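# with the sequence up front, the predicted model follows.
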Amino acid sequence: MKVRNCLSLFIFFACCALVSSFLQFDRGKRKIYRERVQKMFYHAYDSYLLNAFPFDELRPLTCDGVDTWGSYSLTLIDALDTLIVMGNKSEFRRVVKHLETSLNFDKDVNVSVFETNIRVVGGLLAAHLMLHRADSPLPTGWPCNGPLLTLAEEIAQKILPAFKTNTGMPFGTVRIPVAEK
């Protein structure tokens, strides 16, 4: 019990120290860090668009693109929520429009269940829920309807078989079925 109380006190004081150090960031310091983060983000984002789009990822050493898991422009989907959080509404709307018209999950590929779940499904859901911040017209029935939500559901349905295992643990990869025409 004594050890537990000491541990609780230690954790309490450690949290206080963290909060105290955060509060020491005045507006000027926060502005400097915000600008540095934006500069780093746009360096990576612009490099991806210039050298790797429409591939999934940018290879920094060769400065070219590579499809890692599905050829879905993963980095573009990944960046959507960051674009709107940083206030770049026009680029957010441009990327959303591009994805709504060009994203195609009818490819015969093996994909990482984890990466597809967090980056594609999660990225599309986050972008769908942030549409209202982009000053663009919301789809009828939003937030329960919309093209990004439909795309997220489509790819989620395609990776769902990875979760149907005897152990309940999903497979690491799953083959995406191509729709029959």
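Arrived safely. Numbering: from 1, shown residues only.
# remind me, longest helix of this structure?
In the chain, assigned by DSSP state H, the helix with the most residues is helix 27-51.
# can you list the residues that contact whichever helix or strand comes after that helix?
Scanning forward in sequence from helix 27-51, with DSSP states H and E defining helices and strands, the next element found is strand 57-59. Identification of contacts with strand 57-59 by Cβ atoms under 8 Å, 6 or more residues apart in numbering yields 44, 47-48, 51-52, 64-66, 68, 74-75. All C-beta atoms are positioned from the backbone trio N, CA, C, and that covers glycine.
# if any of the residues you listed are buried, put those into a PyMOL selection.
Typed into PyMOL, the line below selects the buried ones among the contacts of strand 57-59, using 16 or more other Cβ atoms under 10 Å:
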select buried, resi 48+52+65+68+74+75
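# doesn't Arg133 fall inside a helix?
Yes - inclusion of Arg133 in a helix is indicated when DSSP: H, G, I helix; E, B strand; the rest coil is applied.
# surely it meets Asn88?
No - Arg133 is not in contact with Asn88 according to Cβ atoms under 8 Å; the separation is 10.8 Å.
# neighbour count for these two, which is higher?
Neighbours per residue (other Cβ atoms under 10 Å) separate Arg133 from Asn88, with Asn88 holding more: 19 against 13.
# from Phe114, how far out is the more buried one?
Using Cβ to Cβ, to the nearest Å, we find Asn88 at a distance of 28 Å from Phe114.
# helices of this structure, start to end?
Read by DSSP H, the chain holds these helices, from start to end of the chain: 2-23, 27-51, 74-85, 89-102, 113-115, 122-130, 147-159.
# closest one to Thr173 among these?
Judged by Cβ to Cβ, the one of the helices of the chain that comes nearest to Thr173 is helix 113-115, at 6.4 Å.
# quick one, what contacts Leu103?
The neighbourhood of Leu103, defined by Cβ under 8 Å, 6+ apart, consists of 72-73, 151.
# nearest to Val121, of these?
Proximity of the contacts of Leu103 to Val121 was ranked by Cβ to Cβ; the top entry is Leu151 with 9.1 Å.
# burial check on the closest one, number of neighbours?
Applying other Cβ under 10 Å, I find that Leu151 has 23 neighbouring residues.
# now it. Nearest residue, chain neighbours left out?
Leu124 (5.3 Å; Cβ to Cβ, 6 or more residues apart in numbering).
# from Lys97, how far off is the nearest residue to Val174 once chain neighbours are set aside?
In space, not counting the residues next to it along the chain, Val174 is nearest to Ala162; the distance is 3.8 Å by Cβ to Cβ, 6+ apart. Relative to Lys97, Ala162 is positioned 30 Å away (criterion: Cβ to Cβ).
# the two: who's more crowded?
Shown here are Ala162 and Lys97; by other Cβ under 10 Å, Ala162 has more neighbours (20 against 12).
# CA atoms of stretch 91-100 as PDB?
As requested, the backbone C-alpha atoms of stretch 91-100 are provided in PDB (Å, rounded to 0.1, in the frame of the first residue of the first chain):
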ATOM      1  CA  GLU A  91      -6.600  21.900 -50.800                       C
ATOM      2  CA  PHE A  92      -8.800  19.700 -48.600                       C
ATOM      3  CA  ARG A  93     -11.700  20.300 -51.000                       C
ATOM      4  CA  ARG A  94      -9.500  19.600 -54.000                       C
ATOM      5  CA  VAL A  95      -8.300  16.300 -52.600                       C
ATOM      6  CA  VAL A  96     -11.700  15.300 -51.500                       C
ATOM      7  CA  LYS A  97     -13.100  15.900 -55.000                       C
ATOM      8  CA  HIS A  98     -10.200  14.000 -56.500                       C
ATOM      9  CA  LEU A  99     -10.700  11.000 -54.200                       C
ATOM     10  CA  GLU A 100     -14.500  11.000 -54.800                       C
END
